[in-house]
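*Asks:* Predicted model and sequence follow; I will ask about them next.
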There are 2 protein chains.
Amino acid sequence: MKYCSECGHPVTNRVPEGDNRPRYVCDQCQTIHYRNPNIIAGTLPVWEDKVLLCKRAIEPRYGTWTLPAGFMELGETMEQAALRESEEEACANVAIDDIYTLISLPHVNQVYVLYRARLLDLDFCAGDESLEVRLFSEAEIPWQQLAFRTIHYTLEKYFSDRLLGHFSIYTHTINTNNRAPQEKEPVSS
Amino acid sequence: MKYCSECGHPVTNRVPEGDNRPRYVCDQCQTIHYRNPNIIAGTLPVWEDKVLLCKRAIEPRYGTWTLPAGFMELGETMEQAALRESEEEACANVAIDDIYTLISLPHVNQVYVLYRARLLDLDFCAGDESLEVRLFSEAEIPWQQLAFRTIHYTLEKYFSDRLLGHFSIYTHTINTNNRAPQEKEPVSS
């Protein structure tokens, strides 16, 4: 951030009075520009013993497999965001069962919120941001070609819980301490 | 938003190519300025049969009672944000037990994430944003002077679950359809 989005004056990065961390502040109109983490909402759509994955048609991680998920928009609930992303990326008609994984990614200022969901029919197809959408049994999951650690973690938990016959809700943190060297997380948009 | 925060040029509000909703776009440097909901993280600190509440020293809802909670900052996990807010608002030394309520407030573009927590000692005190901090038994809760519906909902669930002897995790939506007329939600900062 270089300019005030309210008045166009250059901003300075300093700790405002009564605050304890640096913010972009406009000395012309006095606006303090707060920046906060973003939520990425999505689903883990299930059909019989299979789960739906999307092959990414966009960067980052073009060509790798992911669950349908994306940035929550203004005016949405988390569930609405998860359903919208499932529809946009996989044309998938799903019903949410329950919240499943909540993953903080402090190094990229993101929080993933993924829901277990039922695929209601087989009329899915690749949306604009997907090259391909298909169902995978556990044995078929392309573990080495998953897009993000959030997806890897969520699928691991899912198959493990399914074996146990009971689904919990998981909160987890992924950061640079446990990041594989070759992996890149999506940047906040 | 009136000016591009990257180059200072006036922005226009339109649907960018390949998108499906209006964004603030800079026609000078081509930056698309995304805006997304914010997370408010906090705790429900428990000591024996009592819970800790803070009397707000700031607007909105000055003078009403709330759980320690506030905007999640860049670089934090949700748990870190919840602990920091507990320390800042109530000088409270707490340990998180588990995530408890996840509440979407689409009309103000917020998501509340509140954790059940144990107060580790009685050395709490009012932080800069609190007039007073004290423990309340269920019978003492000032239900009519609670700051936000998110707090009301979370405390209701807590006392109901405690009676049952089992704590669930709740996802919920609060919007203008179920808002009391006199109530004001905090605005996104």
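*Replies:* It's in. Numbering: from 1, shown residues only, chains lettered A, B, ... in the order given.

*Asks:* so, in contact with chain B or not, the longest helix anywhere in chain A?
*Replies:* Longest among the helix segments of chain A by residue count, using DSSP state H, is helix A:149-164. No: using CB under 8 Å from any CB of the partner chain, helix A:149-164 stays clear of chain B, with a minimum separation of 13.4 Å. In short, each C-beta sits where N, CA and C put it, glycine included.

*Asks:* Just give me the neighbour total for residue A:97.
*Replies:* 14 (other CB atoms under 10 Å in any protein chain shown).

*Asks:* beta partners of the residue nearest to it when sequence neighbours are not counted?
*Replies:* Distances taken as CB to CB, 6 or more residues apart in numbering or on different chains put residue A:116 closest to residue A:97, at 4.4 Å, once the chain neighbours are dropped. Beta-bridge partners recorded for residue A:116 (DSSP bridges): residue A:44, residue A:98.

*Asks:* Specify the residue ranges that define each domain of chain A.
*Replies:* Domain assignment of chain A by automatic domain parsing yields the ranges A:1-35, A:38-175.

*Asks:* Would you mind putting those domains into JSON lines with mean pLDDT alongside?
*Replies:* Shown next, in JSON lines, are those (pLDDT from 0 to 100):
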{"stretch": "domain A:1-35", "mean pLDDT": "95"}
{"stretch": "domain A:38-175", "mean pLDDT": "98"}
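
*Asks:* Between the two ends of stretch A:116-133, what distance do you get?
*Replies:* One end of stretch A:116-133 sits 17 Å from the other (CA to CA, to the nearest Å).

*Asks:* Do a quick rundown of the strands in chain A.
*Replies:* According to DSSP state E, chain A carries its strands in the segments A:12-14, A:23-25, A:32-33, A:38-47, A:50-56, A:65-66, A:69-71, A:94-105, A:110-119, A:130-136, A:170-173.

*Asks:* and those strands as JSON lines, adding distance to residue B:163?
*Replies:* Output for these, formatted as JSON lines (distance: least, CB to CB, whole Å):
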{"stretch": "strand A:12-14", "distance to residue B:163": "50"}
{"stretch": "strand A:23-25", "distance to residue B:163": "43"}
{"stretch": "strand A:32-33", "distance to residue B:163": "43"}
{"stretch": "strand A:38-47", "distance to residue B:163": "32"}
{"stretch": "strand A:50-56", "distance to residue B:163": "38"}
{"stretch": "strand A:65-66", "distance to residue B:163": "42"}
{"stretch": "strand A:69-71", "distance to residue B:163": "37"}
{"stretch": "strand A:94-105", "distance to residue B:163": "23"}
{"stretch": "strand A:110-119", "distance to residue B:163": "28"}
{"stretch": "strand A:130-136", "distance to residue B:163": "43"}
{"stretch": "strand A:170-173", "distance to residue B:163": "25"}
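
*Asks:* Could you list which residues are in contact with the residue lying closest to residue A:38 once chain neighbours are set aside?
*Replies:* Distances taken as CB to CB, 6+ apart place residue B:36 nearest to residue A:38, at 4.6 Å, with adjacent residues excluded. Residue B:36 makes contact with A:38-39, A:71-74, B:109 under the criterion CB atoms under 8 Å, 6 or more residues apart in numbering or on different chains.

*Asks:* re earlier: which residues touch the residue nearest to residue A:97?
*Replies:* With contacts defined as CB under 8 Å, 6+ apart, the neighbours of residue A:116 are A:43-44, A:46, A:96-100, A:158, A:167.

*Asks:* Among these, the buried ones, what's the PyMOL command?
*Replies:* Selection command for PyMOL covering only the buried members of the contacts of residue A:116, criterion 16 or more other CB atoms under 10 Å in any protein chain shown:
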select buried, chain A and resi 43+44+46+96+99+100+158
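
*Asks:* For chain B, state which of the contacts of residue A:116 is nearest.
*Replies:* Set against chain B, the nearest of the contacts of residue A:116 by CB to the nearest CB is residue A:99 (5.2 Å).

*Asks:* distance of the residue nearest to the spatial centre of chain A from chain B?
*Replies:* For chain A, the residue nearest the mean C-alpha position is residue A:40 (3.3 Å; CA atoms, centre = their mean). Noted for residue A:40: a distance of 10 Å to chain B, by CB to the nearest CB, to the nearest Å.

*Asks:* so what's that residue closest to, chain neighbours aside?
*Replies:* residue A:112 (4.9 Å).

*Asks:* Provide the partner residues of that neighbour in its beta bridges.
*Replies:* residue A:40, residue A:103.

*Asks:* ok, it touching residue A:103?
*Replies:* Yes: using CB atoms under 8 Å, residue A:112 makes contact with residue A:103 at a distance of 4.2 Å.

*Asks:* joint contacts of the two?
*Replies:* Common neighbours of residue A:112 and residue A:103, using CB under 8 Å, 6+ apart, are A:150, A:154.

*Asks:* returning to what we had before: how far is the longest helix of chain A from where the chain is centred?
*Replies:* 16 Å (CA atoms, centre = their mean, to the nearest Å).

*Asks:* now that helix against strand A:38-47, angle please.
*Replies:* 40 degrees (axes from the mean of the first three to the mean of the last three CA atoms, to 10 degrees).

*Asks:* counting contacts, what elements does helix A:149-164 pack onto?
*Replies:* strand A:38-47, strand A:94-105, strand A:110-119, strand A:170-173 (3 or more CB pairs under 8 Å, 6 or more residues apart in numbering or on different chains; DSSP states H and E).

*Asks:* Residues in contact with it: which ones?
*Replies:* By CB under 8 Å, 6+ apart, the list of residues contacting helix A:149-164 reads A:40, A:44, A:51, A:65-67, A:100-101, A:103, A:105, A:112, A:114, A:116, A:138, A:141, A:143, A:146, A:167-168, A:170, A:172, A:174, A:178-180, A:183, A:185.
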